[in-house]
Every structure is written in C-alpha cells, then in structure tokens.
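Asks: Turn this into a structure:
(2 chains)
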Amino acid sequence: MSTATDDRYNTLEKSMKKLGYDKSALIETLHTAQETFGYLGIDTLKFIAQRLRLPYSKVYGVATFYNYFRLKPKGKHNVVVCMGTACYIKGSNKILEKIEQRYGIKVGETTPDNVLSLLSARCFGSCSLAPVVVYDNVPKGKVTVEDSLCEIEEMIK
Amino acid sequence: MITSLNELKELADKKKCASGNSRQELRVCMGSSCISLGSAELGKSLQDELQNRDLEDKYKIKNVGCNGLCANGTLVSHCRGDGSTLYEKITTSDTKDLVESIQNGGLLKDKMCDITQPFFTKQTKIVLENTGIIDPDDIEDYIAHGGYEALFKALDGMMPKDVIEEVKTSALRGRGGGGYPAGIKWESVSKVVSEQKYIICNGDEGDPGAFMDRAVMESDPHRVLEGMAIAGYACGANKGYIYVRAEYPLAVEKLGRAIKQATKLGILGENIAHSNFSFNIEIRLGAGAFVCGEATALIASVEGNRGNPRQKPPHLTDYGLWGKPTVLNNVETLANIAPIIKNGGAWYRDIGTENSSGTKVFALTGHIKNTGLVEVPMGTTLRELIYEIGGGIPDGKKFKAIQSGGPSGGCIPKELLDLHVDYESLKNAGSIMGSGGLIVIDDSSNMVEIARFFMDFCRSESCGKCTPCRVGTTELTLLLDKFIKKEATKSDFELLKEMCEFVKSTSLCGLGQTAPNPVLSTIKYFESEYLEGINDD
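Replies: Next up, the predicted model:
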C-alpha cells in the first residue's frame, strides 16, 4: 500500500505537524507510529526520517536503542511477563520458561501461525502484585505457572 | 483565572464548604495496582448499586489514587463527616453488602482494614499526604487540600533567593538516588546568567521494583507541577519538562490533564499571578532505557536522541538541555517542595536524621506480607520496616536479605536489621538508597542467582558507549553463570572480584560504576554461596 492512500500515514503526518515537525520530538513521533501501526516497520521509519529531515540512520538508531519500540509486528494475541525484581523473586522466570516451552518460542518471538507473541517487560511498577503477567493488555497479578498457561489457552482459543 | 493567594484561598474555602455540606464519600483506589485488580469495574458497580437504591444524593463515589497497602487492594474508604472506615480486598461481589451496611449505618466487619496496625501508624506522610484522599483529576480538590498555596506564597512575598534559602535550610537531598542537596543544585543554576534555563522532572523510574514515583504522578500530579513551578521561579527558568516512562500510561494521562487544568486557571502559563514569572510544562515520553536514569543520558533522550551519557563536567547546572543551565530533580524530590515552602525549611529539617532530613517513600515488595508503598522518617530501622510496617515474612519462611537501590544497589543481610536507613548508613553497608525500592528476600532464594539477575539486567541495559561497561557486564554475567552451574574455579572467584572493581572504577557513567554492587555486596555477606559454586576437582 502506498503511503498516500494509507490512512495510518495521515495520522502520523498529522501528529508530526502538530509538533511542528520538531526533530527533537522524534521519540514522541515513534510512539505515535507504534501506536498507529502496532510496530515500527522499515517503511514507517523511512517515512519519518524523510518528513522530519533526519538521516534514516538516526531514526533507526533511536528506534533500536529503546526497549519499548518493536521492529516486528506482534501476533494476534500477546502475553507480556514482567521480569522486574519483585516479579523475578516470586518466580516470573519460571512462568516465562514454561510459556517458552509450551509454545516453542523465545521472548520477543511470535508463533509461526501468528497467533501468540511472547514479550517480557522490565517492570510495570505493580510490584505489590508480583508476579504480574499482561494478557492482551489486561494485567493480572499474583499469577502462578498454571494460571498463566490456562489464561493463554483461553485467550487464543 | 486565579491571580493571587487570596483568590486561591477563596476557591479552596468554597470547595471545602461545598464538599462539607454534601454527600458522604466512598473513595475507591484507582492506582495501577488496584486497577489491575478490577477497581474501575468496582467503582461502576458501586455507582450502579447506589443508583438502584436511590442513594446518589447521599453518597458519592470518588476516584482516588494509591492508598499504599496495595497487597490488600482494592481499598475503599468510606468517609463521613465524623471520620472514615477503610475496607480492604473489596471486589464487585462485595458491592451489595458494602452499600447495604453503609446505608444501614453499620460496618462491613469482615472487610474492615485495621488502621491501627503499624503499617498505618508508623508512617509519616508528607509526599503521600494527598494520595488516596484527593481526586487526581480535579484541580479544585487539590486546591481545597492546600494545593498551590506554596507557589502563590512564593510569588506573593518571597524573592527567588528566599525560596532557595528555604530549600537549603530543609537540607532536602535528591530522592532519585544520588542524594545531592536540592537547594545547592538550585542555587548553582540560579547563579548562572542565561536567558533560557530549564527544569526537568525525572519520572522515568527505571529501577525494577520501585513504584513510588508512579504513585505520586498518578495520585497527586499537581504536587509535582507545583514543585516544578517553584523550582522554575527560584532558578529563573520558564520551561519545564516531565520525562515519564511510556510504561506508565496512567501517569501520563493524569499529568497531561493536570497541566491542562493548571494552565486554564492561570497557575501555569504566562505572567502567573500578575508577576513577571511565566512557566510552562511539557511531557516527554521515555521509551524504556534504564540508562536514562543517568542525568546526561536523560537529557539526550529528552532531546530526541539515543540515551547515551556523556562525560561530566560540564555539569547540567551549566550545560544541560540544549546546552542551557538545567535543574534535574526526581519526582519525589519535587513533591517535597510545596510542603517545605509552606511550613518552612526548619520544620522539614527536624524530621529524619542528621545527614538525611525528611521522609522517604519506600516500595516494599518481594517476600513480605504487606507489599505496598510506605513513607517513613529517614532513620527508621530495617527491622521496623520489615517486621512492623511490612508485617514480616509470609509462609513460615525466614528473612535472608533485603535488596535496596535496584540494579545499582546491594543486598543487606539479617545481621544489619537494626540499621537506621539513610543515605550514609546504606552506603556504608555496601548498598545505596537509590530511588527507594526495598525487595525482601527469604531463605528460599539463592543470592548468586539474584546477583546474576541484576548483572544480566545491566548487561542488556548498557548503552554500549564505553568498553568497561559493555564488555565487563557481559563477562561478569558469564562468570556468574559458572558459579550457578557449579563449574567455577578458585581463580574464577578472584577474577570475579577483580573484574567488579575494574568495571566500577573505569566505566563512564553511573550504570557501569554501580553495576557490580549487587555482586560485591553478596560476596561480602553471602560468600559461602559463591564458594559452593566452585568445583576445582
């Protein structure tokens, strides 16, 4: 799809315009792009570079520096396991391992059928509910290994 | 528009009067933790129940921020004219019983939270005084609780140097980790001659296991804005940025709304209260990089770059954002400013210890009964924090260590439980204050694995600019793996210690300089667990 006919590019353009095509608002623009497209594809990054008159290497460099930005599309469903200290102490690494084993994917990967993406987070700041797992943007606290596997089964059914 | 202290007080009185005459309140906690336990649905269900019983003119649902005792969420507080009752672990299935008992003037006994327990009585709330009480979406509620009085007091009758003097008298130290005196930082910037200066609030809270700044931004956003505006007035800056983690969408939303409301009332903007002082605040989103807790890396990120730190000096006070003099303060530091200006620096100085004045908010997590946020005077002992306020270790396990300061901090063993917590004592024990995350570890945990967890974190968060940090953290992680697999040799142990010292002394910024702390402190107090990993056959 060309950028001219894709409505998502209009959304992105509007947001850059609102920020006065400010080069220093690159991170804000990347946030908008990720919200709009779900991830930061090469075409999107090139488009931003061109519109903000920044070298593509700079845009790519910033996008790859920060953990929050994804350069690959997510699957239909996603599960994020918090790997903050409080969650780790309460066994979130075991939850992550079990999910990896069950679905044959590593953190950051998506199942071949595009149904499930597995991600980890540095810390959601919901440490009192550790361990925390987020299923399709819904956070759940005090999760056990069994809970998480059931919840995922239910989610991708 | 509010143009004077008197007008502000009039608005506060009007609001107080209106809420005094009106309905009783059911305050429902809408902090991130309680929201993930379903507090938003609970709020709606309580509203529906009130409507069904035709009680809407008697009771009002008020969305408030974090109550602190996150372990027992969702917390609901029933406030009447003559006092209040706190209920814990309330879910939508309790809605009917709760409303019914309140309607009949009774109490829902089995859901009552004991507010005479040490968790509540041992706290001194300054930073968190409004959280769980005010509605963060309502600027008038903040004003009714004395909000923005400090800013108008400063604008009304204090010179910028008086404001700085007050902050210096308070001896307030930076709550982000370094503990640098805030007043001295402000004074340095105020003395630099420059047409443009900046105030930056660090709301990135990158330490895993810390969430005090999140709670303040979500529950009392105006408090942060007020602190920034006062800093701006004192230092001669007219522009502020709040750098917030993108992982905290609720904080971003609350701050954004607060900025709009304050601007509308003329509390932020041009010529505040007819003075020459103008101040505007913008939000900048972080994107998940622990290194951005380092001041120069944070500045790089606000400017839209990769968060690479740079060599200091020049310091931020001379050469900060876009090369201009900049004050960078943490959320909690700024949240302390309004009460200091209102009550005086000497009042604040009297709380806490000799070298660390005031209170500190701690996030108590890990293997502890009462997980949540607590605010205590500096100098409170670890024993009080863990066994009295925290309620002790659950599941019949034993206390082993407490980890403070996140990946830059260290583990403190049970022999030091009577340590009075302040900047110096933690440093002497081989840890740091950091931003205030306290993670309790019970005897089921292996300390080498915990040290490896932090090292691996620093490895993946290293920006890669300097070699000691980039290569050192990787090598240290691999070495620790050998201990965990029990394949290490005696010389590996020597190498581990040597490399820790090397990374500490040669890295460019705080991330690398402190990354070995978790390893060094666990070697210091739990050496036997490392020795168990040595297999020299």
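Asks: Could you count how many residues lie near residue 101?
Replies: Going with chain A. Residues within reach of A:Q101, counting by other C-beta atoms under 10 Å in any protein chain shown, total 10. For the C-beta atoms, the positions are set from N, CA and C on the backbone; glycine is no exception.
Asks: Oops, wrong one, chain B.
Replies: B:S101 has 18 nearby residues by other C-beta under 10 Å.
Asks: so it makes contact with B:L108?
Replies: Yes. Using C-beta atoms under 8 Å, B:S101 makes contact with B:L108 at a distance of 4.4 Å.
Asks: tell me the mean pLDDT over stretch B:2-21?
Replies: Stretch B:2-21 comes out with an average pLDDT of 88.
Asks: Need the contact partners of that stretch.
Replies: B:25, B:81, B:140-141, B:143-146, B:148-149, B:152-153, B:156, B:265-267, B:273-274 (C-beta atoms under 8 Å, 6 or more residues apart in numbering or on different chains).
Asks: Now, those residues that are in helices?
Replies: Members of the contacts of stretch B:2-21 lying in helices (criterion: DSSP state H): B:E140, B:D141, B:I143, B:A144, B:E149, B:F152, B:K153, B:D156.
Asks: what about the helices in the stretch 51-200 of chain B?
Replies: Using DSSP state H, counting those that start in this stretch, the helices found in the stretch 51-200 of chain B span residues B:95-103, B:118-121, B:139-144, B:149-157, B:160-170, B:182-191.
Asks: could you dump those helices to TSV with mean pLDDT and distance to chain A?
Replies: Below are the helices of the stretch 51-200 of chain B laid out as TSV (pLDDT from 0 to 100; distance: least, C-beta to the nearest C-beta, whole Å):
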stretch	mean pLDDT	distance to chain A
helix B:95-103	93	21
helix B:118-121	95	12
helix B:139-144	96	22
helix B:149-157	96	27
helix B:160-170	98	28
helix B:182-191	97	21
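Asks: just those: most buried one?
Replies: helix B:139-144 (a mean of 22; mean count of other C-beta atoms under 10 Å in any protein chain shown).
Asks: now it, how far from the chain's geometric center?
Replies: Here helix B:139-144 is found 22 Å from its chain centre; the criterion is C-alpha atoms, centre = their mean, to the nearest Å.
Asks: same for it, what does it pack against?
Replies: helix B:5-21, helix B:221-235, helix B:249-264 (3 or more C-beta pairs under 8 Å, 6 or more residues apart in numbering or on different chains; DSSP states H and E).
Asks: what about the lowest-mean-pLDDT helix or strand in chain A and chain B, any contact?
Replies: The helix or strand of chain A with the poorest confidence is strand A:138-140; it has a mean of 90 (mean pLDDT, DSSP states H and E). Yes. Using C-beta under 8 Å from any C-beta of the partner chain, strand A:138-140 comes into contact with chain B via A:V138, A:P139, A:K140.
Asks: Most neighbours of all those, which one?
Replies: Going by other C-beta under 10 Å, A:P139 tops the residues of strand A:138-140 next to chain B with 19 neighbours.
Asks: Just to check, that one is in contact with A:A121?
Replies: No. Here A:P139 does not reach A:A121: they are 10.1 Å apart, not a contact under C-beta under 8 Å.
Asks: interface residues of chain A facing chain B?
Replies: A:23-28, A:30-31, A:61-62, A:65-69, A:83-86, A:88-90, A:121-130, A:132, A:138-141.
Asks: What about the residues you listed, which are in strands?
Replies: Taking DSSP state E as the definition of strands, the residues of chain A next to chain B contribute A:A121, A:V138, A:P139, A:K140.
Asks: So what touches the host helix or strand of B:E282?
Replies: Assigned by DSSP states H and E, B:E282 falls within strand B:280-285. With contacts defined as C-beta under 8 Å, 6+ apart, strand B:280-285 is touched by A:27-28, A:31, B:225, B:228-229, B:238-246, B:252, B:255-256, B:259, B:263, B:268-269, B:301-302.
Asks: buried subset of those residues?
Replies: A:27-28, A:31, B:225, B:228-229, B:238-246, B:252, B:255, B:259, B:263, B:268, B:301-302 (16 or more other C-beta atoms under 10 Å in any protein chain shown).
Asks: Under the pLDDT cut-off, which ranges of chain B? List them.
Replies: Applying pLDDT under 70 to chain B flags the ranges B:20-22, B:537.
Asks: now for stretch A:89-109, what's the gap between its first and last residues?
Replies: Its start and end residues considered, stretch A:89-109 measures 24 Å (C-alpha to C-alpha, to the nearest Å).
Asks: Report the mean per-residue pLDDT for it.
Replies: On average, stretch A:89-109 scores 95.
Asks: Quick check: buried residues in that stretch?
Replies: A:I89, A:K90, A:S92, A:N93, A:I95, A:L96, A:I99, A:Y103, A:I105, A:E109.
Asks: so can I have CSV of the residues you listed showing secondary structure?
Replies: Shown next, in CSV, are these (DSSP: H, G, I helix; E, B strand; the rest coil):
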residue, secondary structure
A:I89, helix
A:K90, coil
A:S92, helix
A:N93, helix
A:I95, helix
A:L96, helix
A:I99, helix
A:Y103, helix
A:I105, coil
A:E109, coil
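Asks: on that earlier part again, name the next helix or strand following the least confident helix or strand of chain A along the chain.
Replies: Strand A:138-140 is succeeded, C-terminally, by helix A:145-156 (DSSP H and E).
Asks: distance of the closest residue to B:G203 other than its chain neighbours from B:I283?
Replies: Distances taken as C-beta to C-beta, 6 or more residues apart in numbering or on different chains put B:V244 closest to B:G203, at 4.2 Å, once the chain neighbours are dropped. Per C-beta to C-beta, to the nearest Å, B:V244 is found 6 Å from B:I283.
Asks: Spit out the residues that contact these two alike.
Replies: By C-beta under 8 Å, 6+ apart, the residues touching both B:V244 and B:I283 are B:V252, B:L255.
Asks: Isn't B:H78 up against B:L26?
Replies: Yes. With contact defined as C-beta under 8 Å, B:H78 reaches B:L26; the gap is 5.7 Å.
Asks: These two: which is more packed in?
Replies: Counting neighbours by other C-beta under 10 Å for B:H78 and for B:L26 shows that B:L26 has the greater number, 23 against 20.
Asks: residue ranges of the strands in the stretch 351-500 of chain B, please?
Replies: Secondary structure of the stretch 351-500 of chain B (DSSP state E, counting those that start in this stretch): strands at B:359-366, B:372-377, B:399-404, B:410-413, B:437-442.
Asks: Most tightly packed of those strands?
Replies: The most buried one of those (mean count of other C-beta under 10 Å) is strand B:359-366, showing a mean of 28.
Asks: what's it packed up against?
Replies: Using 3+ C-beta pairs under 8 Å, 6+ apart: strand B:359-366 touches helix A:85-89, helix B:212-219, strand B:372-377, strand B:437-442.
Asks: who does the first one touch, helix- and strand-wise?
Replies: The one in question is helix A:85-89. Helices and strands touching helix A:85-89, by 3+ C-beta pairs under 8 Å, 6+ apart, are strand B:359-366, strand B:437-442, helix B:447-461.
Asks: returning to that earlier point: pick the most buried one from the helices and strands packed on helix B:139-144.
Replies: Using mean count of other C-beta under 10 Å, helix B:221-235 ranks as the most buried of the helices and strands packed on helix B:139-144, with a mean of 28.
Asks: and the angle from it to helix B:182-191?
Replies: 50 degrees (axes from the mean of the first three to the mean of the last three C-alpha atoms, to 10 degrees).
Asks: near chain A at all, helix B:221-235?
Replies: No. Between helix B:221-235 and chain A, judged by C-beta under 8 Å from any C-beta, nothing touches; the nearest distance is 15.5 Å.
Asks: which residues in the stretch 301-450 of chain B form helices?
Replies: Assigned by DSSP H, counting those that start in this stretch, the stretch 301-450 of chain B shows helices spanning B:331-335, B:337-343, B:345-349, B:382-383, B:423-428, B:447-461.
Asks: and among those helices, the most buried is which?
Replies: Among the helices of the stretch 301-450 of chain B, helix B:331-335 has the highest mean neighbour count (mean count of other C-beta under 10 Å), at a mean of 29.
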